[in-house]
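Q: Here is the input, now give the coordinates:
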Amino acid sequence: MYLRYKIKQPEKEGFWTREIQLGNGRKNNWNLIRLLLALTVFMVHTGPAHLVTFIQGTLGLSFVNGSTAVYLFFITSGFLITSSLLDNNELGLYFKRRLLRIYPPLIFAAAIVFTSELYFNAHQATYLISISNFLLFQDLGSLPPEADVFRHPAFWTLVIEMQFYIILPIFIYAYFKLPMRSLIFLFTIYIISRFLFDDVINVASIYSAAFRTSIFAHASFFITGIVLRIFVTKISTYDKYSTLAIFVVFLLIESAYIHIFPSRFHQLMGPIYLGILLLACAIFAPVVRWPFPDISYGIYIYHPLTNYILSMLIPYNIIVQLGPSIHASIMLFCCVTVSLFSYYFIESKCIKLGKAKA
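A: I've put the predicted structure just below:
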C-alpha cells in the first residue's frame, strides 16, 4: 500500500485578490473619464436645452450637470497631480510640467479670439488682453461692461487649479515629515471647506464671487483626490476597494430613500462619495488599449471660443433654421477639431518638453 501525498499547488492570483494597478494602461482610462467630463460641461454650456432636460428630467440623472463635472475634475486633479508629484519629486520639473500644460493652450486660445476680435471688430479686446485675466486671476464679477458678451465660463476653475498646484508640494513635504499631523490638518481643512461651501458659496453676497475662486471653497474635492492617492496602496487589493465602493453605493441609496443619517452628514461626505466612485470607474473598467489623444482640456478651454466665433459667422436666422441639435453638433465638431489641432501641434509637444529633464 502506497501513501500518495498530493502537493498543494499555489492558488493562481485572481482579479479580486491582486493588487490595484494604477499604471499599466490606466492612463487612457483617465483620459476617457476627463473627456466625458469635458463633454458634460460642453453640453451644459452650449448643448440644446431639450437634451439637457431629457437627461436630467426624463432620465432622472440630475447629477449630470456642469457643477458635478467640475467637482470631479477637481478630484481627478487631486489624484493625478499628487501621483505625478510622488512619482517624480523634483520640484522644478513639477512646476515646469504644470506651466507647460496649462499656459500654451491659453495663449493659443487668446490668439484665436484676439484675431477674431480684429476681424469682427466686436469691441471686446479689453477682456481679451487683460493681464490679470491672462494670469488666471480675473474674477468674472469684475469684468468690464464691454466684455459682458464674452465671459469665459471655464477660467474661474483655472484660478483654483493654479492655487492647488502651488499648495500641493508644501503639503506633500509636510506629509513626509509629519504624516499624522499633516493628515489631521488636511481633514480639518476638509471639514471647514465643506461647511463654508454649503453656507457661503451658495449664498448671494458680495463675498461669494471672491470665495468662489478660492482654493478653500473647493479644498474638499482636491483633498479627496490627495487622500485617495495616498491610501490607495493601503487599500491594496481590488476586493477591498470593491467593498468600499459598495458601501458608498449603500450610503447613496440611504441618503435617497432610507434617511437614517442626517442630510448634513451626506453633504459633508459628498466629495468622498464622488472620489471613491470615480476611482472605481478608473480601476475596475477594462483597460482602454487605444491611445486616443487627451483633448479634454482643449474642449474645456475652446468650447466658449468656438461658440462665440460661430455665432459671429452664422447669421441668427440660419441658426434658427438649423435647429438646436444641428447647431450644437456643428459647435461640437468645430470644438473637437480645434482641440485636436491644439493637442497634436501644441499640447503634445509641450508635454514632451515638460517631461525632458534639464
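
Q: Report the buried residues of the helix or strand encompassing Arg97.
A: When elements are assigned from DSSP states H and E, Arg97 belongs to helix 91-120. Under the neighbour-count criterion of 16 or more other CB atoms under 10 Å, helix 91-120 has 93-94, 96-98, 100-106, 108-110, 112-113, 116-117 buried. Just so you know, the C-beta spots here come from the backbone N, C-alpha and C atoms, and that holds for glycine as well.

Q: What of stretch 276-289?
A: Those buried within stretch 276-289 under the rule 16+ other CB under 10 Å are 276-280, 282-283, 288.

Q: need the residues you listed in a markdown table with distance to Ile346, can you?
A: Output for these, formatted as a markdown table (distance: CB to CB, whole Å):
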| residue | distance to Ile346 |
| --- | --- |
| Ile276 | 35 |
| Leu277 | 33 |
| Leu278 | 28 |
| Leu279 | 30 |
| Ala280 | 33 |
| Ala282 | 26 |
| Ile283 | 31 |
| Val288 | 24 |
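
Q: Can you list the buried residues in stretch 253-260?
A: So, applying 16+ other CB under 10 Å, buried residues of stretch 253-260: Ser255.

Q: Any idea how far apart the tips of that stretch sit?
A: 11 Å (CA to CA, to the nearest Å).

Q: what's the spacing between Phe341 and Leu106?
A: Using CB to CB, to the nearest Å, we find Phe341 at a distance of 15 Å from Leu106.

Q: and Lys355, what does it touch?
A: Arg97 (CB atoms under 8 Å, 6 or more residues apart in numbering).

Q: Quickly note the distance from Leu91 to Ile346.
A: In terms of CB to CB, Leu91 sits 25 Å off from Ile346.

Q: same check, this time on Asn31
A: 17 Å.

Q: Remind me which helix or strand the residue nearest to Gly78 when sequence neighbours are not counted belongs to.
A: Excluding the flanking residues, the one nearest Gly78 by CB to CB, 6 or more residues apart in numbering is Gly225, at 2.1 Å. Assigned by DSSP H and E, Gly225 belongs to helix 219-231.

Q: Pull the residues that contact that helix.
A: Counting by CB under 8 Å, 6+ apart, 71, 74-83, 86, 164, 168, 171, 175, 183, 186-187, 189-190, 193-194, 197, 215, 270-272, 274-276, 279 sit against helix 219-231.

Q: Cool, thanks, signing off.
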